[in-house]
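Undergrad: need a structure here:
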Amino acid sequence: MATIQKRKKKNGATSYRVMIRPDDGLPIQYKTFPTNQEAKDWAIQEEAKRRQGLYFPEKSRQKHTLAELIDRYIQDILPSIKSAEDVLRHLNWWKLKLGKFTLKHVSSDLISKHRRELLDEVLPKGKKRTEATVNRYLASLSAVLSHGVKECEWISSNPMSRVKKLKEAEGRNRTLSPDECSRLLAACAKSSNKLLLPFVILALTTGARSGELLGLQWNSVDLENGMIHLKSTKNGRPRVLAIVGDVLEMLKELFSKRNPEKLLVFASKTRFGQLTLRKPWEKALKDGKIEDFRVHDLRHCFATTASVSGSSNIQLSAATGHRTLSQLLRYCHPDAASVQQLTTKVYEKLVSTTNLSAIIATNSDSGDDDGSH
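TA: Reported below is the predicted structural model:
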């Protein structure tokens, strides 16, 4: 591995040049000494360091633990992630279970064993994680390990690449029939919480997520043009929602009766912050005799109805914010008018036939209690 060359200078002095030609990928090392013994001693010392791993990047990185890498990822990457709260929960679980392992011991086999633990673990509420949730935990860990490969260079490969994702159950596809829709809106109108009806109708006719609506502020609502501008969405892209028909009139009335000190469209009357609609929603479902239906299913209703009404995938993707057609959206930019046309179709199909004016009047007379308690 090391060779020593005897060299004679022009002035007659003798020197000894050591050359270490490694086979570990490091560059060749040279050093010159005045005596042969010094050259030999240095060569022996350097070769010993290599055998001990002091010059081998892979061996030096074996000292890093998964906990160290997770901490590095949380510091460098997590602040820029939209779903940071969920990812942090995932990483804390992995840190608790595998944090003390050095990275060389974090194998695909070890991860697979804990994938089963994730699936079988009983949560505080007595339920187990779904396959989809377990896959989210795996994805969070995979992102950390990829960070360790690409940026930290603490490992040479991501063991997650050999771990299979679980097969997820098919997503819900629950929608409302016209009769169910009419019964639900009528029940919402009779709710003691007068914000429930406008919330449900907006979710139904715009396809917005419940979190997007509950966090909606008046400065993002353009009542003159019938538009809602969502600046912060789940996928990180801004989005435009259209407000049409009696829905716009309802929102204008809501605006006229708002508390100017509260920025949220759906603000609680009893406290500052977002409104809680769980109890009023559950009562409306019971009163309307609607079974197996969730708030998020309103979004499914919008998407399904818009689809069968002839909307294009581009229109639908622009309205709902789904990025499954992200490559197409890079070249196609539907404007607000096309989204308004789409929303009008859904409104005419689901809401306009329900005598909404009478329902709104009933909602106005149903009382002032916000029903969130």
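
Undergrad: how many neighbours does the residue lying closest to residue 230 once chain neighbours are set aside have?
TA: Leaving aside its sequence neighbours, residue 230 sits nearest to residue 239 (Cβ to Cβ, 6 or more residues apart in numbering; 4.5 Å). In short, each C-beta sits where N, CA and C put it, glycine included. Residues near residue 239, counting by other Cβ atoms under 10 Å, number 21.

Undergrad: again, but for residue 13
TA: Residue 13: 9 surrounding residues under other Cβ under 10 Å.

Undergrad: Let me know the distance separating it from residue 113.
TA: Distance, residue 13 to residue 113, using Cβ to Cβ, to the nearest Å: 65 Å.

Undergrad: Am I right that the residue nearest to residue 230 is in contact with residue 220?
TA: No - taking contacts as Cβ atoms under 8 Å, residue 239 lies outside contact range of residue 220: 10.6 Å.

Undergrad: Can you work out which residues contact both of the two?
TA: Listed as contacting both residue 239 and residue 220 by Cβ atoms under 8 Å, 6 or more residues apart in numbering are 229-230.

Undergrad: Okay, domains of the chain per the record?
TA: 2-55, 66-162, 178-364 (automatic domain parsing).

Undergrad: highest average neighbour count across those?
TA: Highest mean neighbour count of these: domain 178-364, a mean of 18 (counted as mean count of other Cβ atoms under 10 Å).

Undergrad: For that domain, give the mean pLDDT please.
TA: Mean pLDDT, computed over domain 178-364, is 81.

Undergrad: For residue 283, give me its contacts.
TA: Neighbours of residue 283 in contact, by Cβ under 8 Å, 6+ apart: 187, 191.

Undergrad: tell me how far the ends of stretch 70-84 are from each other?
TA: Using Cα to Cα, to the nearest Å, one end of stretch 70-84 lies 13 Å from the other.

Undergrad: quick one: that stretch to chain centroid distance?
TA: 12 Å (Cα atoms, centre = their mean, to the nearest Å).

Undergrad: average model confidence for that stretch?
TA: Stretch 70-84 shows a mean pLDDT of 90.

Undergrad: And the residue nearest the centre of the chain, how far from residue 145?
TA: Closest to where the C-alpha atoms of the chain average out (Cα atoms, centre = their mean) is residue 83, at 3.8 Å. For residue 83, the distance to residue 145 (Cβ to Cβ) stands at 18 Å.

Undergrad: same check, this time on residue 159
TA: Between residue 159 and residue 145 the computed distance is 7 Å (Cβ to Cβ).

Undergrad: what do the two both touch?
TA: In contact with both residue 159 and residue 145: residue 106, using Cβ under 8 Å, 6+ apart.

Undergrad: The helix or strand harbouring residue 132 packs against which elements?
TA: Residue 132 is located in helix 131-150, with elements delineated by DSSP states H and E. Under the contact criterion of 3 or more Cβ pairs under 8 Å, 6 or more residues apart in numbering; DSSP states H and E, helix 131-150 touches helix 66-76, helix 84-98, helix 108-120.

Undergrad: mind putting those in CSV, distance to residue 278 included?
TA: Shown next, in CSV, are these (distance: least, Cβ to Cβ, whole Å):
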stretch, distance to residue 278
helix 66-76, 32
helix 84-98, 20
helix 108-120, 28
